[in-house]
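just to be clear, the model below is a prediction. Sequence and coordinates:
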Amino acid sequence: MDDLSGILVYEATRNIEVESIDIETPLQPMKAPVLAGKKLVLAPILRAGVGFLHGMLTLLPSARVAHIG
């Protein structure tokens, strides 16, 4: 389920806007892409969607989680 949900979230966010921010790493400063605009919300519907949640959060760790059901 994690692999399938990873493919799904990759396709769903293919054209989402990102912006670059400056961050400090242990080696050197760099520019890192972050999602532009408001934060994403993942809302699985009933128990069927909960199985996809972990794989999606792997690729979108800053997304908020809501539950419908």
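Sure thing, it's come through.

how close does residue 14 get to residue 24?
Separation of residue 14 from residue 24 (CB to CB, to the nearest Å): 29 Å. C-beta coordinates here come from the backbone N, C-alpha and C atoms, glycine included.

do residue 6 as well
29 Å.

out of the two, which sits in the more crowded spot?
For residue 6 versus residue 24, neighbours defined as other CB atoms under 10 Å are more numerous around residue 6 (16 against 8).

mind listing residues that contact whichever helix or strand the more buried one is part of?
In the assignment (DSSP states H and E), residue 6 maps to helix 2-12. With contact meaning CB atoms under 8 Å, 6 or more residues apart in numbering, helix 2-12 is reached by 51, 52, 53, 54, 55, 56, 58, 59, 60.

go on, stretch 41-59?
Counting by CB under 8 Å, 6+ apart, 1-6, 8-10, 13, 60, 63-69 sit against stretch 41-59.
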